[in-house]
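> The amino acid sequence is not available; the structure is as follows:
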C-alpha cells in the first residue's frame, strides 16, 4: 500500500473492517470516512506537538540579502529556527569567504549596534545575527552587498488534504500514525475502553520515535590545547 494519505486511511479501514477508498471517491466522502481522515491529521499533529525539532521536519533556508537592510522575515512555516546555523556563503563574484555568524541577544543589539539600522554608512559583511521579538532575524553590520545567507529551521506540520499527500514522518513509523488515528476514531465512536488501550500504544510509539531521533548522546570534542 502506498505511503500517502489514501494509503494510511485505508490502513485504518482494513483495521475497522470498512470498505477501502479509492482515488475516485477519496475527496468526496463524508460522515465516518471524513472522521477517519480527520483522525489521521490529529494523530500527525499530536506527534509533532511532542517535539519541537523532529529531524524529519528539518529544512534549510537560502536568502539573498539586500544592501542596507538589517531585518529579514523567517519562513512562515518555521516552528523553531536554529540560530547557531546562520552563515554567509562563499561567493567568487562578491569576493567573500564563508563566514558563520555569531548569535547575539536582542538586548545586546540595542545596546551596542542599534545605529547600524539607521546609519547607511555603517555597513559591511554581516558578522552577527540576532532574533527580534517579532521572530525576524537581524544582521550586524547591515550588508553592503547582496550576500547569500543560509540557515536551518524546523517546519510546522501541514495537514494532509489530497489523497497523494505524504507525511513528513518516515514510512517505517506509519503504524504510529495509524495507532494514533485509531485512538481518535474510537474517541469519536465513544468506545473509551478501546480508545484508552490504543492511547497507550500510541504513546509508546511516540516514545520509540523519541529514542530513535532525539535521545542520542552527542559527540563531545576535546577542545584542550596540547603542547
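Sure thing, it's come through. Computed from a prediction, not measured in an experiment: that's the story for all the values here.
> pLDDT averaged over the longest helix seen in the chain - what is it?
As far as residue count goes, and with DSSP state H defining each element, the longest helix of the chain is helix 192-213. The predicted model gives helix 192-213 an average pLDDT of 93.
> Pull the residues that contact that helix.
In this structure, residues lying in contact with helix 192-213 by C-beta atoms under 8 Å, 6 or more residues apart in numbering are 43, 46-47, 50-51, 54-56, 173, 175-176, 179-180, 182-183, 186-187. Every C-beta, even on glycine, is put in place using the N, C-alpha and C of the backbone.
> Could you identify the longest strand within this structure?
With DSSP state E setting the assignment, residue counts place strand 78-88 as the longest strand in the chain.
> partner strands of that strand, parallel or antiparallel?
Strand 78-88 sits in its sheet next to strand 99-100 (antiparallel), strand 148-155 (antiparallel), going by DSSP bridges.
> Now do the contacts for the residue nearest the centre of the chain.
Ranked by distance to the mean C-alpha position of the chain (C-alpha atoms, centre = their mean), the top residue is residue 155 at 2.1 Å. For residue 155, the contact set (C-beta under 8 Å, 6+ apart) comprises 57, 58, 59, 75, 77, 78, 79, 168.
> And it, what's its pLDDT?
Here the pLDDT value assigned to residue 155 is 94.
> Check residue 50 too.
Note for residue 50: predicted pLDDT of 88.
> Run a quick neighbour tally on the nearest residue to it once chain neighbours are set aside.
If you skip the residues right next to it in sequence, residue 50 has residue 206 as its closest partner in space, 5.4 Å away by C-beta to C-beta, 6 or more residues apart in numbering. Other residues lying near residue 206 total 18 when counted by other C-beta atoms under 10 Å.
> Quick one: low-confidence residue ranges for the chain.
Scanning the chain for pLDDT under 70 picks out 215-227.
> Helix, strand, or coil at residue 183?
Secondary structure for residue 183, judged by DSSP: H, G, I helix; E, B strand; the rest coil, is helix.
> Quick check: the residue nearest to it when sequence neighbours are not counted vs residue 43, distance?
By the measure of C-beta to C-beta, 6+ apart, the closest residue to residue 183 outside its immediate chain neighbours is residue 198, 4.0 Å from it. As judged by C-beta to C-beta, to the nearest Å, residue 198 and residue 43 stand 10 Å apart.
> tell me the domain boundaries of this structure?
If the domains of the chain are taken from automatic domain parsing, they occupy 5-53+169-213, 58-155, with pieces of a single domain joined by a plus sign.
> Could you tell me which residues within stretch 147-163 count as buried?
147, 148, 149, 151, 152, 153, 154, 155, 157, 160, 163 (16 or more other C-beta atoms under 10 Å).
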